[in-house]
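> here's my sequence, what's the structure:
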Amino acid sequence: MTAVQTQQHARAILLLSIAAFASAASARLCDPMLPDLAHAFSASSTEVAHVVSGFSVAYGLLQAIFGPLGDRIGKYRLIAFTTLACTVGSLGAALASSLDLLVLSRILTGATAAGIIPLSMAWIGDTVPYEERQPTLARFLGGQILGVIGGQFIGGFFADTLGWRWAFAFLCLVYFLVGIFVLLESHRNPSTHHQSTPSSTGRGLIAQASIVLGTPWARVIIAVVFLEGMTVFGALAFVPTYLHERFELTLSMSGALVGLFGVGGFSYIAYAKYFVRRLGEKGLALLGGVLIASAWALLAFGPTWAFATAAAYLAGLGFYMLHNTLQTNATQMAPQVRGTSVSLFASSFFLGQSLGVILAAKLLATQGAFALFIAATVLMPLIGIVFSRLLRNKPQ
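Numbering: from 1, shown residues only. Model (predicted):
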């Protein structure tokens, strides 16, 4: 690339990172406000958890459309359209008069947000060589991590001050502004223009998905990320509620503490090149699983809320070690239909999250938070160990 092309490409990635912020913030927005929603709608924790799981289910299922569509008509332009479409569901959530309407609005937001992060990853995969891809994806993750932090804090802050509806109104405005800028970039930046290939335009949706699922290593990555999403975010969704109810912290404080998950992620980004060079993919997967398990153990046994600070940080650091390794492999599962392959990866991840939230809500209601965190403590190292061993035999 020339200096101008490099600058254009960097600007395009920055805008995608900001769009990823909005998407990730939307996904985590409701976690700290679950107690407030339960009170507002006179509902149980299991019932209000549907505002989280509904988003995740819709996000996961719609990947089957956006991935192949991005391969056919252009990923960057489609990201702009889906970002703008997220304003509809966010506005609906802000105006919802019942829990059912709120859940419906969250499903709509999840369905449209589904086109942002996975297609961004696929576009980076199309434009960045594999040997440079993991650090580039790590930098792109900055927006997503800020979204995790911001979503937790924004949800708790508005729930404690102006009211939970204003959190959705705020995100509606963010989606609109970001969507406009990404749309303009898709027209004026040559690096974002779609380059069609015979493999991306000559096959239908089922045929493109079949290419991915017919690859053994792709099936491994898709299965592992499903288990990762189920175990990490099933438990994480209820950490703010746990801190609020056990230690009587405000919703803002609970959300801010869980936001340290993102600070752990930034620590990974800051030293991503060092971690990749020093540990390699196998080491990152193994250490990531161990760190996440340590975080859940701290929450299970910690006698004061202060233990949650270390737990959230370790969970974030470990998660991004493991997840960034999975993401990098996902961009190379089926290069000829990269949008489809990354979207199937994201679909599995969010469907895993949805199942995790449902199972965690039931376990929390019947056995309590201790059992929930212990279950996650046991599962995470197993996922890291198994994936690390599978990486040893990864096809080159």
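> every contact and neighbour count from this point should use C-alpha atoms.
Will do.
> residue ranges with poor pLDDT in this protein?
Low-confidence segments of the chain, defined by pLDDT under 70: 1-5, 130, 134, 191, 194-205, 339, 396.
> what's the first helix or strand after the one helix or strand Lys282 maps to?
Per DSSP states H and E, Lys282 falls inside helix 272-301. For helix 272-301, the following helix or strand on the C-terminal side (DSSP H and E) is helix 307-330.
> what packs against that following helix?
In terms of contacts (3 or more Cα pairs under 8 Å, 6 or more residues apart in numbering; DSSP states H and E), helix 307-330 is packed against helix 130-160, helix 216-236, helix 251-258, helix 260-270, helix 272-301, helix 338-366.
> run the last query once more with 6 Å
helix 260-270, helix 272-301 (3 or more Cα pairs under 6 Å, 6 or more residues apart in numbering; DSSP states H and E).
> how about these in JSON lines, adding distance to Phe307 and mean neighbour count?
Below are the helices and strands packed on helix 307-330 laid out as JSON lines (distance: least, Cα to Cα, whole Å; neighbours: other Cα atoms under 10 Å):
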{"stretch": "helix 260-270", "distance to Phe307": "12", "mean neighbour count": "23"}
{"stretch": "helix 272-301", "distance to Phe307": "6", "mean neighbour count": "21"}
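> Throw those into JSON lines and include distance to Gln144, thanks.
Converted to JSON lines, the helices and strands packed on helix 307-330 look like this (distance: least, Cα to Cα, whole Å):
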{"stretch": "helix 260-270", "distance to Gln144": "9"}
{"stretch": "helix 272-301", "distance to Gln144": "15"}
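> before we move on, the earlier item: now for the helix holding Lys282, which elements pack on it?
So helix 272-301, by 3+ Cα pairs under 6 Å, 6+ apart, packs with helix 307-330, helix 369-392.
> residue contacts, Ser44?
Ala38 (Cα atoms under 6 Å, 6 or more residues apart in numbering).
> from Leu355, how far off is it?
Going from Ser44 to Leu355 by Cα to Cα, to the nearest Å gives 18 Å.
> how about Thr109?
Counting by Cα to Cα - Thr109 and Leu355 are separated by 18 Å.
> against Asp36, how distant is Ala159?
Counting by Cα to Cα, the gap from Ala159 to Asp36 is 7 Å.
> kindly apply the preceding question to Trp123 instead.
39 Å.
> hang on, the earlier thing: distance from the chain centre to the helix holding Lys282, please.
Here helix 272-301 is found 18 Å from its chain centre; the criterion is Cα atoms, centre = their mean, to the nearest Å.
> that helix to helix 369-392, inter-axis angle?
150 degrees (axes from the mean of the first three to the mean of the last three Cα atoms, to 10 degrees).
> all the helices of the stretch 51-200 of the chain, residue numbers only.
Counting by DSSP state H, counting those that start in this stretch, the stretch 51-200 of the chain has helices at residues 63-73, 75-95, 99-113, 117-127, 130-160, 165-188, 198-201.
> what's the closest of those to Asn393?
helix 130-160 (18.5 Å; Cα to Cα).
> just checking, what packs against the closest one?
helix 3-28, helix 251-258, helix 260-270.
> can we see that at 10 Å?
Contact partners of helix 130-160 among helices and strands, from 3 or more Cα pairs under 10 Å, 6 or more residues apart in numbering; DSSP states H and E: helix 3-28, helix 34-40, helix 117-127, helix 165-188, helix 251-258, helix 260-270, helix 272-301, helix 307-330.
> what's the angle from that helix to helix 165-188?
Helix 130-160 runs at 150 degrees relative to helix 165-188, counting by the same axes, to 10 degrees.
> ok and helix 130-160 relative to helix 251-258, angle-wise?
Angle between the axes of helix 130-160 and helix 251-258 is 160 degrees (criterion: the same axes, to 10 degrees).
> and stretch 100-109, what's buried?
102-109 (16 or more other Cα atoms under 10 Å).
> one step back: where do the contact lists of Ala159 and Asp36 overlap?
30, 251 (Cα atoms under 10 Å, 6 or more residues apart in numbering).
> which of those two has more residues huddled nearby?
A count of neighbours by other Cα atoms under 10 Å puts Ala159 above the other of Ala159 and Asp36, at 24 against 19.
> spatially nearest residue to that one (excluding sequence neighbours)?
Nearest residue to Ala159 in three dimensions, chain neighbours excluded: Met33, at 6.1 Å (Cα to Cα, 6 or more residues apart in numbering).
> from memory that neighbour sits against Trp164, does it?
Yes. Contact criterion Cα atoms under 10 Å: Met33 and Trp164 qualify, at 7.0 Å.
> comparing these two, which residue is more hemmed in?
Each of Met33 and Trp164 has its neighbours counted (other Cα under 10 Å); Met33 has more, 30 against 24.
> from Gly54, how far out is the more buried one?
Applying Cα to Cα to Met33 and Gly54 gives a distance of 15 Å.
> go on, Asn393?
36 Å.
> neighbour count: these two, which is higher?
Gly54 (25 against 9).
> contact partners for the closest residue to the more buried one other than its chain neighbours?
Leaving aside its chain neighbours, Gly54 sits nearest to Ile107 (5.2 Å; criterion: Cα to Cα, 6+ apart). With contacts defined as Cα under 10 Å, 6+ apart, Ile107 is in contact with 50-59, 89, 93, 101, 113.
> from those residues, pick the one nearest Thr340.
Tyr59 (14.4 Å).
> surely that closest one is in contact with Gly115?
Yes. Tyr59 lies in contact with Gly115 (Cα under 10 Å); the separation is 8.4 Å.
> quickly list what's touching both of the two.
Common neighbours of Tyr59 and Gly115 (Cα under 10 Å, 6+ apart) are Ala346.
> now do the contacts for the nearest residue to Val51 once chain neighbours are set aside.
Computed as Cα to Cα, 6+ apart, the closest residue to Val51 that is not its neighbour in sequence is Val103, at 4.9 Å. By Cα under 10 Å, 6+ apart, the residues touching Val103 are 47-55, 89, 92-93, 96, 109.
> rerun at 8 Å
Residues near Val103 by Cα atoms under 8 Å, 6 or more residues apart in numbering: 50-51, 54-55, 93.
> distance of Phe41 relative to Leu34?
Taking Cα to Cα as the measure, Phe41 falls 11 Å from Leu34.
> go on, Ser294?
From Ser294 to Leu34 the distance is 25 Å (Cα to Cα).
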